[in-house]
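Chemist: next one to model:
(chains A, B, C and D)
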Number of protein chains: 4
Amino acid sequence: MSGNTFGRLFRVTTFGESHGVGMGCIIDGCPPGLTLSEADIQPDLDRRRPGRSEATSPRNEADQVEIRSGVFEGATTGTPIGLWIANQDQRSGDYSEVRDKIRPSHADYTYLQKYGRRDYRGGGRASARETVMRVAAGAVARKYLAERCGVEVRARLAGFGGLSLDAPDWGAVNQNEFFSADPGRLDELRGRLAELRDAGDSVGALVEIEALGAPVGLGEPVFDKLDAALAAALMGINAVKAVEIGEGFRAASMRGSEYRDEIGTEGFQGNTAGGTLGGISSGQPIVARIALKPTSSIRTPGRTLNTGGEPVEISVQGRHDPCVGIRAVPVAEAMVALVLMDMLLRQRGQNADVVPPMPPLSGERR
Amino acid sequence: MSGNTFGRLFRVTTFGESHGVGMGCIIDGCPPGLTLSEADIQPDLDRRRPGRSEATSPRNEADQVEIRSGVFEGATTGTPIGLWIANQDQRSGDYSEVRDKIRPSHADYTYLQKYGRRDYRGGGRASARETVMRVAAGAVARKYLAERCGVEVRARLAGFGGLSLDAPDWGAVNQNEFFSADPGRLDELRGRLAELRDAGDSVGALVEIEALGAPVGLGEPVFDKLDAALAAALMGINAVKAVEIGEGFRAASMRGSEYRDEIGTEGFQGNTAGGTLGGISSGQPIVARIALKPTSSIRTPGRTLNTGGEPVEISVQGRHDPCVGIRAVPVAEAMVALVLMDMLLRQRGQNADVVPPMPPLSGERR
Amino acid sequence: MSGNTFGRLFRVTTFGESHGVGMGCIIDGCPPGLTLSEADIQPDLDRRRPGRSEATSPRNEADQVEIRSGVFEGATTGTPIGLWIANQDQRSGDYSEVRDKIRPSHADYTYLQKYGRRDYRGGGRASARETVMRVAAGAVARKYLAERCGVEVRARLAGFGGLSLDAPDWGAVNQNEFFSADPGRLDELRGRLAELRDAGDSVGALVEIEALGAPVGLGEPVFDKLDAALAAALMGINAVKAVEIGEGFRAASMRGSEYRDEIGTEGFQGNTAGGTLGGISSGQPIVARIALKPTSSIRTPGRTLNTGGEPVEISVQGRHDPCVGIRAVPVAEAMVALVLMDMLLRQRGQNADVVPPMPPLSGERR
Amino acid sequence: MSGNTFGRLFRVTTFGESHGVGMGCIIDGCPPGLTLSEADIQPDLDRRRPGRSEATSPRNEADQVEIRSGVFEGATTGTPIGLWIANQDQRSGDYSEVRDKIRPSHADYTYLQKYGRRDYRGGGRASARETVMRVAAGAVARKYLAERCGVEVRARLAGFGGLSLDAPDWGAVNQNEFFSADPGRLDELRGRLAELRDAGDSVGALVEIEALGAPVGLGEPVFDKLDAALAAALMGINAVKAVEIGEGFRAASMRGSEYRDEIGTEGFQGNTAGGTLGGISSGQPIVARIALKPTSSIRTPGRTLNTGGEPVEISVQGRHDPCVGIRAVPVAEAMVALVLMDMLLRQRGQNADVVPPMPPLSGERR
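Modeler: From the prediction side, this is the model:
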């Protein structure tokens, strides 16, 4: 109940703090017989890890994952998979500044009041470093989904500050340090980034996630609709403050005759709903967008209190991402993969012997 | 796991179909000693029920709730509370049209393929009628939160189609059939509604929800952040396709120095985050906005297939809301109340003996 | 968390008090396509209901079950199944005696201290009447298990007070009011029962439960072993104070060479483990035995306190079973059916695509 | 759902195999502010570890625990506690014998059929080595229970083969290698043990567990009664095949007038129920007994099949406990501590604001 487990049948439980000895997780419920080694997980970790470019935090972590259980003779056994990544560059130096000051728009105040104490080193458990294990676990889910169901999960940076990045060149995403599908605007992005670094400021972002090839039937009405599960998974990522599926907020301004996704003999005519109908996957591409707030750790001085209640000035030094939205791209992919994997197991738990009455409608059109 | 239970400690499980004999739920985990009778629940049901005005479906339901267990000598006993509402106006007539046709943007296709069969009468379990029990259960949560913690949960229609309703006159909300806080634009709303009815069309909506007075400490990092729980609760309401908290999507375009919520001796200076920090309630007002798609049941003819895969024309007759967003207002309040209640019990389960080190910051400013 | 839900994927949540308006439950997660009507459930309820003979409480309840949702056109739809049984003979008369006195060996004291209050009418939620919904839900599980997997669950009274009932004539069980497989001793049982009624006393019992035909692979190591799930299910029945599986307590005195269940080409040579190996069903008959304490509601006067802490004499009048173990027979069957059903769904959720490497060993030998 | 998590609010998830790199667990939901270091956990691990004496397996493991997260400045923070113990003496040598043969009364056959494969090295996940993390997590629960509630959990070997060990000298338990409270019979135990070693055989055992000082109100009716939770916790320990609480199986032969636990002004007169009434703790000592089957890994040759289905002879070599019941003593204590801790958090989640109407009855009498 304490919030460190994700999923019901494919269950991921994580632990570890930003400046502790390392980060770990247990995946319980993974189907047996999936071929798996560290090499299947490492590429996603490498995409997420800091220090890769100017675009992200200079913290230097190899993020080398170790599988500690649950894999035998090269394949999963059905028993819990333990994963471990040692922290390397945690720099446990002088914390007197962060120990005593309540950083605005951070979790300092709420952790302190909820638990009566907090690990103030590098944000402790509230650090974005926590997401490393989401990516590791997500890589396992993603592999199963790809191999057994042909599902592909992918994401891209869709907005950087007020800048909209809408070119749909998915092939470009892993070719640049921004995960942008709009390669023509890379220089513009790099320029803005340099300006933010100079100013000691940060900026918010938009990320779009797609899952292609998900089978019909994932999602559990009424409270655990696929939309609800995706919303929770994505809103639970650090700094995410909005989630939309399909047309999302635009749907609020549309008319029924416009939103309605007609069906022809060749299949669905559009995909306004973003791949779910009644909370259940329809076989169409699943499409979600999220908004991330700007990093709150900035050098620009600001006003706050110390833990004694006295007013102080704060200027957060340290190695922070000027735009946390960039590294959120692989994290968002991982969370969507975890949702789909869990829903797949839930679906076959209840409905394994169902024979669908209709042939699947084509859903590949967006 | 099948999705009909909401909450971990304050657990609500619902059953019933649109055109079945009635709707019911079980609330398990309610603290004992809460004075409770049907009269505490009925007002919220009355706000939600159809047939109240031109603005909503003409289906006529008294929605009279009965408490069937869990209350003794006028107060809850700590044992499960059974609630029941008989369906009255279900009109189980001729279903041949809906039985054989796949209504576009409805759950027909996905239920059929997931379960191999579906209750096609009035949408069965996928009908918005399902939300009646959310409101009933939410009323119990809301009463506890109000009496023991001074929490108030309220919501309003914030957009109707493309029309923005931004006047913050909360006192007006329960005085009009739209739950609008913008009473100066009621004639405009009524005019648009009449036009939609004539056209046989529908429109989407925005709803804003606020919770005032929630204590610091609700929400469970990392996966069950308060934001994540709210997102799941709200996105699980029929027709909701987007959720944002605080500045939400606007945060994606903001800079850190602008978004950052500074703290002075008089408390928080703003509330960009919408009442949560690090996924934990901060004592500030909790503010969320949701978008609802337009009702897909419209008279305007459209193309689809029948269950045999042949192309057919469809024009959905029946008693439908031209804007489901209106009646979603009390439903959204209920879901937020259920989240806060559950998180309150979870918080005291783990942290009952914590003494917060700081006095609470003032959070009343929005 | 509050304890009124049983199961993880096949989930049963119950409500209702002994002297309230009725008893109800919701079954969530039942696979769709199971043909189901009240007539499938009623026979098990009839076996459990009081007033059938001298052997049980004279409380007269028809226990007529109604299906209120989840079944359409004669089959389950995959959505929650609501069940309801009205209480008829609850006799809400004068409760002044039970209201103020703490009945020894009853739940009065603990409910009072845990919840601060209690429904003292007929034992409220702590009454054995609560088990009626276990039997109703168990009948649904049992039907699925029988039709899809060929599983048979059966139980019998194996001890009455110190009297051992060991003849294995299963065909006789439903032919007598004691559910005894030892028809030669019925006169002896009837004589003891009459003696207990005259004395205003009661007696404990043993019940043996078997499940035949359960597939290999049910049960989840390490904490949710099939043994553990069965133990929880059976120990959670009112008055049960001991559970053993296979040789059970006798195993404590055995040597490994004696206990070991060798395997030949014709299959397992015995069944000392009672159908589980490593916490997972082996395909052998699953065999459990439970002990029930004697009914604590007896006329024989005893000493206790009233709620004011003053010593008083108590003699519990009313309509009580002189041996609750008798009516526990169908309840125990139901609980075992619920465990197996839940484990079956869990098994296929994780392992649906596993191909067992060996042909199943014959396990029918006991 | 896959069975490697124990508890609802105080949640323990374990991983690791007998001959893998080590064993780990995550404790989620531990209240913050508990002073904790490895030194609080190690003593219980030392009591359980093999190689201490002739009475247990000669496998030599230091079982040195490391806390990897969740503790900061000497106290728990409320975030997940990661624990790790490296395996040292796993001897990954020649497994050809165990790889191909189905060991009788072991989990080989059921793991193979359930998962399609198995880690055959030293029993993999089904090994008793798995219990090491139960003891580690239990030590944390036990410390909280002792410090905050004054609860003491203790256990003793109560039977060894057919030998009954009934002297109640609790002070002797940790003074001998058998955890026996009957020090006068140690020579007899040692003699039997030597005889078993010579014969290459093993023997079953009885263990008795007591919890003193548990507050009134723990346990959740109806399905999660304290009895049910204890039964699941204890029956889930490797080799346990029977559980009883209070009089247990003896209750089946008793009369109500004899079993009934009368109450005087000085409190309860006995404790036939073993500390629970209606499934809720009464403040009396909680008393449970379990039976463990004899170790199935014995040198005495026996018949079985290989994985190809051919009959073979088997004689299990290796470093096995001649009586697994001995080392189960600290494991059983740990499981009872975990149950009580979880129930304590669940109780205060729902009932934190309850004021018990009566002063607690004295319950110290057994």
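Chemist: ok so residue A:134 is a strand residue?
Modeler: No - read with DSSP: H, G, I helix; E, B strand; the rest coil, residue A:134 is helix and lies in no strand.
Chemist: quick check: it touching residue A:330?
Modeler: No - assessed by C-beta atoms under 8 Å, residue A:134 is found out of contact with residue A:330, at 9.1 Å. For every residue, glycine as well, the C-beta is placed using N, CA and C.
Chemist: near chain C, which residues of the stretch 1-150 of chain A?
Modeler: With C-beta under 8 Å from any C-beta of the partner chain as the criterion, the stretch 1-150 of chain A meets chain C at residues A:1, A:9, A:29, A:30, A:31, A:32, A:33, A:78, A:79, A:148.
Chemist: residues touching the residue of the stretch 101-250 of chain A found nearest chain C, list them.
Modeler: Closest approach between the stretch 101-250 of chain A and chain C, counting by C-beta to the nearest C-beta: residue A:148, at 7.1 Å. Listed by C-beta atoms under 8 Å, 6 or more residues apart in numbering or on different chains, the contact set of residue A:148 reads residue C:353.
Chemist: and if you look at residue A:104?
Modeler: A:296, A:302, A:303, A:304, A:314, B:260, B:261, B:262, B:263 are the contacts of residue A:104 under C-beta under 8 Å, 6+ apart.
Chemist: ok, the last one - how many residues close by?
Modeler: What that stands for is residue B:263. Burial of residue B:263, expressed as a neighbour count using other C-beta atoms under 10 Å in any protein chain shown, amounts to 25.
Chemist: what about residue A:134 and residue A:330, which has more around it?
Modeler: residue A:134 (28 against 25).
Chemist: any idea of the mean pLDDT for stretch A:227-243?
Modeler: Mean pLDDT, computed over stretch A:227-243, is 98.
Chemist: buried residues in that stretch, which are they?
Modeler: A:227-243 (16 or more other C-beta atoms under 10 Å in any protein chain shown).
Chemist: could you do stretch A:134-149 as well?
Modeler: Neighbour-count burial for stretch A:134-149 flags A:134, A:135, A:136, A:137, A:138, A:139, A:140, A:141, A:142, A:143, A:144, A:145 (criterion: 16+ other C-beta under 10 Å).
Chemist: swap in stretch A:164-181?
Modeler: A:165, A:172, A:173, A:176, A:178, A:179, A:180, A:181.
Chemist: I'd like those residues as CSV, with secondary structure, pLDDT and distance to chain D appended.
Modeler: Shown next, in CSV, are these (DSSP: H, G, I helix; E, B strand; the rest coil; pLDDT from 0 to 100; distance: C-beta to the nearest C-beta, whole Å):
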residue, secondary structure, pLDDT, distance to chain D
A:165, coil, 96, 35
A:172, helix, 96, 38
A:173, helix, 96, 33
A:176, coil, 95, 34
A:178, coil, 96, 32
A:179, coil, 97, 29
A:180, strand, 97, 34
A:181, coil, 97, 36
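Chemist: which stretches in the stretch 1-150 of chain A count as helices?
Modeler: Taking DSSP state H, counting those that start in this stretch, the helices of the stretch 1-150 of chain A run over residues A:38-48, A:96-100, A:108-115, A:132-144.
Chemist: which residues touch the longest one?
Modeler: If I follow you right, that is helix A:132-144. So helix A:132-144 is contacted by A:6, A:10, A:12, A:14, A:16, A:23-25, A:27, A:30-31, A:34, A:36, A:40-41, A:43-45, A:47-49, A:63, A:65, A:81, A:83, A:85, A:151, A:153, A:237, A:330-331, A:333-335, A:337-338, A:340-341 (C-beta under 8 Å, 6+ apart).
Chemist: what subset of those residues is buried?
Modeler: By neighbour count, with 16+ other C-beta under 10 Å, the contacts of helix A:132-144 hold A:6, A:10, A:12, A:14, A:16, A:23-25, A:27, A:30-31, A:34, A:36, A:40-41, A:44-45, A:47-49, A:63, A:65, A:81, A:83, A:85, A:151, A:153, A:237, A:330-331, A:333-335, A:337-338, A:340-341 as buried.
Chemist: among those residues, which are located in strands?
Modeler: A:6, A:12, A:14, A:23, A:24, A:25, A:27, A:65, A:81, A:83, A:85, A:153 (DSSP state E).
Chemist: pull the most distant pair out of these.
Modeler: A:24 and A:153 (23.4 Å; C-beta to C-beta).
Chemist: could I get the full set of helices for the stretch 251-366 of chain A?
Modeler: With DSSP H, counting those that start in this stretch, the ranges of helices along the stretch 251-366 of chain A come out as A:256-259, A:324-351.
Chemist: now residue A:150. Nearest residue, chain neighbours left out?
Modeler: Nearest in space to residue A:150, with sequence neighbours left out and distances taken as C-beta to C-beta, 6 or more residues apart in numbering or on different chains, is residue A:213 at 4.6 Å.
Chemist: so which bits of the helix or strand bottoming out on mean pLDDT in chain A are buried?
Modeler: Lowest mean confidence among the helices and strands of chain A (mean pLDDT, DSSP states H and E): helix A:96-100, at a mean of 83. Neighbour counts over helix A:96-100 (16+ other C-beta under 10 Å) mark A:97, A:98 as buried.
Chemist: is it positioned near chain B?
Modeler: No - figure legend: helix A:96-100 not in contact with chain B (C-beta under 8 Å from any C-beta); closest approach 11.6 Å.
Chemist: which one of the helices of the stretch 1-150 of chain A lies closest to residue D:345?
Modeler: Closest to residue D:345 of those is helix A:108-115 (C-beta to C-beta; 14.4 Å).
Chemist: which ones are touching residue A:356?
Modeler: So residue A:356 contacts A:216, A:217, B:112, B:113, B:116 (C-beta under 8 Å, 6+ apart).
Chemist: what do you get if the cut-off is 6 Å, keeping everything else the same?
Modeler: Contact analysis of residue A:356 by C-beta atoms under 6 Å, 6 or more residues apart in numbering or on different chains lists residue B:113.
Chemist: so how far is residue C:331 from it?
Modeler: Distance, residue A:356 to residue C:331, by C-beta to C-beta, to the nearest Å: 38 Å.
Chemist: which residues sit against stretch A:242-256?
Modeler: A:227, A:231, A:234-235, A:259, A:272-274, A:287-291, B:159, B:161-162, B:201-206, B:231, B:241-244, B:248-249, B:291, B:293-295, B:298.
Chemist: Throw together a PyMOL command that grabs the buried residues out of those residues.
Modeler: The buried residues among the contacts of stretch A:242-256 can be selected in PyMOL (16+ other C-beta under 10 Å) with this line:
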select buried, (chain A and resi 227+231+234+235+259+272+273+274+287+288+289+290+291) or (chain B and resi 159+161+201+202+203+204+205+206+231+241+242+243+244+248+249+291+293+294+295+298)
